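Asker: Below are the sequence and a predicted model; questions follow.
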Amino acid sequence: MEDIDTCSQEDLRYVFTYLKSYISPIVTSQYIPTKETMEILNELAPEFKVRFKTEKPGSDKIIPISSKEFLEGEKIFDEILNGINPNWSEMQIYRYLYNQTGCMLSYDLSLLSHIEHSKFHEKYSRNIFTAISKNWGICASFAAMYDYLCYRAERESTILSEDEHDYVMITNKDSEDFLADPTFDSVALKFGMKTRNFGISKEEFIKNDHNLIEAEVDDYEFDIIDNEELKKLDKSIGYLDEFGGEYTDDYISNLANDLEGNNNYEKTINFLERIKNVKSIGRPSTYDFESIIKFMISKAKEKEFKESIKVYSFIYEDVINLPRKIAIEVSDSKVDGNKEIYVLDDGLKLFRKVDKIEQIKEYKER
């Protein structure tokens with residue numbers, strides 16, 4: 001069935017009530033169908049999928065998804081868009097949508113360990129509705145989600161693509177262009193740290209491992225939002241209210257320093273007590289928690305302590321799918337040469353000591 005968006009709701013109800021056994025279970029829409037259309041499909045033919053463009057007009061990325069996936073994702077997008085203050089400036093809106101993209105979606109390349117790469121890319125990267133509802137994505141997911149939110153908010157944006165990475169260029173009404181990469185800033189945004197890939201200079205963007213030549217915008221002149229202006233934006237949209245009005249960079253950077261204890265084991269206990277009180281917002285994933293803990297340890301000034309700790313995530317025996325769990329292993333040659341293992345069970349709330357970790361067989365083999 002082609003172009004369901006051209007059918008009236010009455011016609012769609014008739015087709016999916018009486019004729020659905022005669023048509024393909026994958027129907028087509030020219031562009032993103034209305035919520036009303038998908039609600040009819042969800043009610044009368046939930047087993048059907050709709051093939052449509054999940055990015056703004058002009059895209060050639062077309063992916064079939066179920067009405068349930070669409071409605072779950074659209075609910076989150078509506079909540080984000082409803083948070084826009086009508087009195088905000090254009091740049092406040094751009095920044096708010098950027099922060100929400102980073103806070104509400106999590107990067108998880110480890111999914112490729114569980115499902116075939118092509119299937120993953122089809123289902124989660126360009127399909128922003130499924131990506132946001134599942135909270136799993138890669139760079140294409142972040143770029144497409146930010147681009148879509150800008151489109152819904154009637155703001156101009158363009159997805160830029162390198163060989164292995166996607167990000168976004170935003171363009172305000174004064175024709176000023178700014179670079180924005182919510183993928184690289186997603187962990188920082190969930191923990192209140194200053195972002196380093198929004199409105200920065202072309203030179204800084206390239207230093208952050210971007211290749212503007214591949215994205216075919218190397219000759220563009222990009223405008224810059226300095227640190228003071230960025231902080232004003234984050235305060236004005238309420239982002240920094242969640243963290244006491246200040247970025248958390250210094251606080252988080254010092255959590256692995258000046259630890260009480262006579263050996264690495266005791267210092268680790270002190271460290272775990274500190275990090276379980278770290279505030280996060282949005283929907284941080286195991287990957288986000290693992291990344292922020294590794295960042296804390298990287299800032300430890302005591303070399304022996306830094307080298308004694310290993311942080312990683314794993315699939316546990318009682319977990320069929322993601323999310324994974326986080327393990328912290330610590331050793332201390334001054335004590336007995338053995339190691340202690342702590343598993344993070346609930347966000348940054350509770351670590352428990354275990355004797356060993358048994359990963360599921362399939363995960364080990366991969």
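Answerer: That came in fine, so what should we check first?

Asker: any idea how far Lys194 is from Ser291?
Answerer: Note on Ser291: its distance to Lys194, by CB to CB, to the nearest Å, is 16 Å. The C-beta positions use only the backbone N, C-alpha and C, and glycine is treated the same way.

Asker: again, but for Leu179
Answerer: 16 Å.

Asker: Name the residue in these two with the higher neighbour count.
Answerer: Leu179 (27 against 17; other CB atoms under 10 Å).

Asker: show me where the stretch 151-300 of the chain has strands.
Answerer: 156-161, 166-171, 177-180 (DSSP state E, counting those that start in this stretch).

Asker: what's in contact with the last one?
Answerer: Contact partners of strand 177-180, identified using CB atoms under 8 Å, 6 or more residues apart in numbering, comprise 94, 98, 146, 167-172, 197-200, 202, 205, 210, 220-223, 225.

Asker: For it, what is the distance to the chain centroid?
Answerer: 19 Å (CA atoms, centre = their mean, to the nearest Å).

Asker: Now for the residue nearest to Asn42 when sequence neighbours are not counted: which residues touch it?
Answerer: Excluding its sequence neighbours, the residue lying closest to Asn42 (CB to CB, 6 or more residues apart in numbering) is Ser67, at 3.8 Å. For Ser67, the contact set (CB under 8 Å, 6+ apart) comprises 38-39, 41-42, 45-46, 48, 50.

Asker: could you redo the last one with a cut-off of 10 Å?
Answerer: 33, 35, 37-50 (CB atoms under 10 Å, 6 or more residues apart in numbering).

Asker: Could you measure from it over to Ser308?
Answerer: 52 Å.

Asker: residue ranges with poor pLDDT in this structure?
Answerer: For the chain, applying pLDDT under 70 flags the ranges 53-63, 109-126, 315-323, 336-337, 359-366.

Asker: can you list the domain ranges for it.
Answerer: For the chain, automatic domain parsing gives the domain ranges 88-101+137-243, 249-365.

Asker: so which of those domains is the most packed in?
Answerer: Of all those, domain 88-101+137-243 has the most neighbours on average by mean count of other CB atoms under 10 Å, namely a mean of 19.

Asker: Would you mind writing the PyMOL command to select the buried ones in the contacts of Ser67?
Answerer: Buried residues among the contacts of Ser67 (16 or more other CB atoms under 10 Å), as a PyMOL selection:
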select buried, resi 33+37+38+40+41+42+44+45+48+49+50
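
Asker: In strands only, show me the contacts of Ser67.
Answerer: Among those, the members falling in strands (DSSP state E) are 49-50.

Asker: Relative to Asp185, which of the contacts of Ser67 is nearest.
Answerer: Lys35 (29.9 Å; CB to CB).

Asker: Next, the distance between the ends of stretch 83-91.
Answerer: Terminal residues of stretch 83-91 are spaced 15 Å apart (CA to CA, to the nearest Å).

Asker: do stretch 204-221 as well
Answerer: End to end - CA to CA - stretch 204-221 spans 13 Å.

Asker: Likewise for stretch 2-17?
Answerer: Termini of stretch 2-17 sit 17 Å apart (CA to CA).

Asker: in it, what's buried?
Answerer: 4, 7, 12, 15-16.

Asker: Can you lay out these as JSON lines showing secondary structure?
Answerer: Listed next are the buried residues of stretch 2-17 as JSON lines, based on DSSP: H, G, I helix; E, B strand; the rest coil:
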{"residue": "Ile4", "secondary structure": "helix"}
{"residue": "Cys7", "secondary structure": "coil"}
{"residue": "Leu12", "secondary structure": "helix"}
{"residue": "Val15", "secondary structure": "helix"}
{"residue": "Phe16", "secondary structure": "helix"}
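
Asker: Which of these lies at the shortest distance from Glu304?
Answerer: Once CB to CB is applied, the member of the buried residues of stretch 2-17 that ends up nearest Glu304 is Ile4, at 64.1 Å.

Asker: between the helix or strand where Cys150 lies and strand 166-171, how many degrees?
Answerer: Following DSSP states H and E, one finds Cys150 within helix 139-152. Note on geometry: by axes from the mean of the first three to the mean of the last three CA atoms, to 10 degrees, helix 139-152 and strand 166-171 are set 20 degrees apart in direction.

Asker: In the stretch 1-150 of the chain, mark out all the strands, start to finish.
Answerer: 26-28, 49-53, 62-66.

Asker: between those, which one is nearest to Cys103?
Answerer: So among the strands of the stretch 1-150 of the chain, strand 62-66 is nearest, using CB to CB, at 23.1 Å.

Asker: So for Ser298, which of the strands of the stretch 1-150 of the chain sits nearest?
Answerer: Here strand 62-66 is closest among the strands of the stretch 1-150 of the chain (CB to CB), at 37.6 Å.

Asker: If anything else comes up later, I'll come back, but that's it for now.
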